[in-house]
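> Got a predicted model here, sequence first, then my questions.
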Amino acid sequence: MQIRTFTPRPLLSALTCALAIGVLPDTSHAGLLGFDVTAGIDKGTLEFLRQFPTDVRANFVLAVRQSLDRTDLSVNNFFDHTDKLLINAQDALNCASIDLSSIPKDALDRLIGKDGNPAETLNDELESTREGAKWDTTPSHFRIRYADLDFKASVARCKSSSGDLVRSEIVKVRGQATAAYILWARLDGQCTSSGNCYELVSNSLKETLASSLKQDKDKIAADQRFARVTSPPKPGGWFNKYKWEPYQTTLVDLLRINDELALVTNDRVTKGKAAFDTFTASMNDINAKLADAGRKVRSNRPIDKVRGCNIGYNLVTQINGVESQLAKVKGYEVLTTEQMVQQKKGLADAKTTAQGYAKTKGGFIRNNNSTCEFFYPPRPFPGGRIGVF
């Protein structure tokens with residue numbers, strides 16, 4: 001039987017990816033929003049990870065995959081946990097991998113500040129990148145600028161001999177640059193500007209919410225969160241200057257809803273399929289036993305009829321338990337209404353047949369409404385006995 005699975009909009013289509021050691025998931029078919037629901041990683045994060053050595057990439061992908069399987073980690077906390085994993089991946093790329101001696105001194109001065117204020121220099125460049133954006137700035141431009149800033153922050157962190165507070169500020173700037181890079185790398189190639197990207201993501205998510213199951217949306221309060229999202233300002237007017245923060249914040253919020261919904265939907269479908277597999281195995285067992293019981297009940301031998309009758313009694317009890325399995329499958333909503341009706345009918349028919357076999361009576365058969373017994377009729381001389389089988 002074909003299980004009804006969640007059919008996402010093209011922007012949310014999931015893929016099956018190989019998580020072989022050292023290999024990053026392929027998001028080329030993960031839809032325009034680029035989230036691989038199987039791996040729990042988006043396109044932008046994967047692009048960012050390509051800078052790391054193979055072992056670091058592999059450890060990150062493996063850790064995220066393990067996080068998906070954790071029962072103590074809610075979907076709301078999953079992405080916060082992923083962010084921490086990404087920070088750990090950054091830390092794993094130690095300063096030994098950056099050959100500072102190959103960078104000219106004047107270039108280093110530009111990177112970390114001639115006056116020895118690397119945190120201030122980097123923060124100024126971060127603000128310059130943000131404030132320098134315009135209405136028509138492309139995701140590609142954002143991606144490249146934030147990638148440059150991330151590299152400069154890496155060099156500054158390694159070169160700086162300042163105290164922990166300065167290093168902490170450098171790491172903070174790098175974190176903001178990394179987050180911005182991941183966002184725009186994810187959307188690069190799918191939209192042409194901040195406004196265009198907002199329309200793309202917002203409309204896609206609106207369609208996805210309209211087609212998603214209520215139980216999935218309720219689990220993450222998707223409809224309520226989407227309703228709270230404030231549309232960023234639109235271009236138009238002489239003094240209407242582009243502001244980066246409303247767009248970046250809104251896009252991150254929308255994509256977060258998108259990704260969480262994809263995860264909870266995939267989780268429900270996966271569990272639903274497993275529940276249906278369990279039910280199917282139970283039905284196969286029931287049908288096999290019914291066939292055996294039918295052969296025995298139709299036999300001319302009373303002892304076989306008794307055995308067939310008892311199989312019927314046992315099946316009635318077994319079917320009562322399988323009914324709860326089917327109720328569990330129904331709760332996951334992985335079957336269509338027609339499929340559920342079909343499965344219920346099959347189970348009801350099996351129960352009716354089992355109950356019929358349990359009513360078997362006849363010569364040499366004693367049916368006490370819970371079991372059947374084979375007995376020898378009293379002999380016409382002393383010493384007659386009853387045999388129960």
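That came through fine. Computed from a prediction, not measured in an experiment: that's the story for all the values here.
> Next, the buried residues of the helix or strand where residue 186 lies.
According to DSSP states H and E, residue 186 maps onto helix 164-187. By neighbour count with 16 or more other Cβ atoms under 10 Å, helix 164-187 contains the buried residues 166-167, 169-171, 173-187. Any C-beta I mention is one placed from the backbone N, CA and C, and that applies to glycine too.
> From the contact counts, what lies against it?
helix 43-49, helix 75-92, helix 118-131, helix 139-159, helix 194-211, helix 244-297 (3 or more Cβ pairs under 8 Å, 6 or more residues apart in numbering; DSSP states H and E).
> Which of those helices comes out lowest on mean pLDDT?
Ranked by mean pLDDT, the helices and strands packed on helix 164-187 end with helix 75-92 at the bottom, a mean of 59.
> picking up where we left off before, tilt between the helix holding residue 186 and helix 194-211?
70 degrees (axes from the mean of the first three to the mean of the last three Cα atoms, to 10 degrees).
> got the angle for helix 164-187 vs helix 118-131?
30 degrees.
> Using CSV, write out every CA atom in helix 164-187.
Once non-C-alpha atoms are left out, helix 164-187 reads as follows in CSV (Å, rounded to 0.1, in the frame of the first residue of the first chain):
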residue,chain,number,x,y,z
ASP,A,164,40.2,37.3,26.2
LEU,A,165,37.7,40.2,26.0
VAL,A,166,39.1,41.3,22.7
ARG,A,167,39.1,37.8,21.4
SER,A,168,35.5,37.4,22.6
GLU,A,169,34.5,40.5,20.6
ILE,A,170,36.2,39.1,17.5
VAL,A,171,34.4,35.8,17.9
LYS,A,172,31.1,37.8,18.3
VAL,A,173,31.7,39.7,15.1
ARG,A,174,32.6,36.5,13.3
GLY,A,175,29.5,34.8,14.5
GLN,A,176,27.3,37.6,13.1
ALA,A,177,29.2,37.5,9.8
THR,A,178,28.8,33.7,9.7
ALA,A,179,25.1,33.9,10.3
ALA,A,180,24.6,36.5,7.6
TYR,A,181,26.8,34.5,5.2
ILE,A,182,24.7,31.3,5.8
LEU,A,183,21.4,33.2,5.1
TRP,A,184,22.5,34.8,1.9
ALA,A,185,24.4,31.7,0.6
ARG,A,186,21.2,29.8,1.1
LEU,A,187,19.2,32.2,-1.0
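> any idea of the mean pLDDT for it?
88.
> Repeat that for stretch 304-313.
For stretch 304-313, the per-residue pLDDT averages 97.
> who touches that stretch?
Contact partners of stretch 304-313, identified using Cβ atoms under 8 Å, 6 or more residues apart in numbering, comprise 289, 292-299, 353-360, 362, 365, 367, 370-374, 389.
> Now a PyMOL select for only the buried ones of these.
Command for PyMOL that selects the buried part of these, burial taken from 16+ other Cβ under 10 Å:
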select buried, resi 289+293+294+296+297+353+354+357+358+360+365+367+372+373+374
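> For the helices and strands packed on helix 164-187, give me JSON lines that also has distance to residue 320.
Formatted as JSON lines, these follow (distance: least, Cβ to Cβ, whole Å):
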{"stretch": "helix 43-49", "distance to residue 320": "48"}
{"stretch": "helix 75-92", "distance to residue 320": "35"}
{"stretch": "helix 118-131", "distance to residue 320": "64"}
{"stretch": "helix 139-159", "distance to residue 320": "58"}
{"stretch": "helix 194-211", "distance to residue 320": "36"}
{"stretch": "helix 244-297", "distance to residue 320": "11"}
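> tell me the most buried of those helices?
Each of the helices and strands packed on helix 164-187 was given a mean neighbour count from mean count of other Cβ atoms under 10 Å, and the largest, a mean of 23, is that of helix 43-49.
> what's the angle from the helix holding residue 186 to helix 139-159?
160 degrees.
> can you give me the angle helix 164-187 makes with helix 244-297?
60 degrees.
> Please list all residues in contact with residue 134.
Contact partners of residue 134, counting by Cβ under 8 Å, 6+ apart, are residue 242.
> where does it land in three-state SS?
State at residue 134, reduced to three classes by DSSP: H, G, I helix; E, B strand; the rest coil: coil.
> same question, residue 299
Here residue 299 is coil, with the state taken from three-state DSSP.
> Excluding residues flanking it in the chain, which one is nearest it?
Leaving aside its sequence neighbours, residue 299 sits nearest to residue 305 (Cβ to Cβ, 6 or more residues apart in numbering; 6.2 Å).
> and residue 194, how far is that from residue 351?
Per Cβ to Cβ, to the nearest Å, residue 194 is found 61 Å from residue 351.
> Over to residue 228?
49 Å.
> out of the two, which sits in the busier spot?
residue 351 (18 against 9; other Cβ atoms under 10 Å).
> and residue 136, what is it in contact with?
192, 193.
> Which pLDDT value belongs to it?
On the pLDDT scale, residue 136 gets 94.
> Now it: phi and psi?
Main-chain torsions, residue 136, degrees, to the nearest 10: phi -100, psi 10.
> got it, and residue 190?
Dihedral angles (degrees, to the nearest 10) for residue 190: phi -110, psi -20.
> ok, how many other residues are close to it?
Residues near residue 190, counting by other Cβ under 10 Å, number 18.
> Next one: it from residue 251, what distance?
12 Å.
> shared neighbours, those two?
Applying Cβ under 8 Å, 6+ apart, one finds that residue 190 and residue 251 are jointly contacted by residue 197.
> Break this protein into its domains for me.
As assigned by automatic domain parsing, the chain contains the domains 10-265, 274-374.
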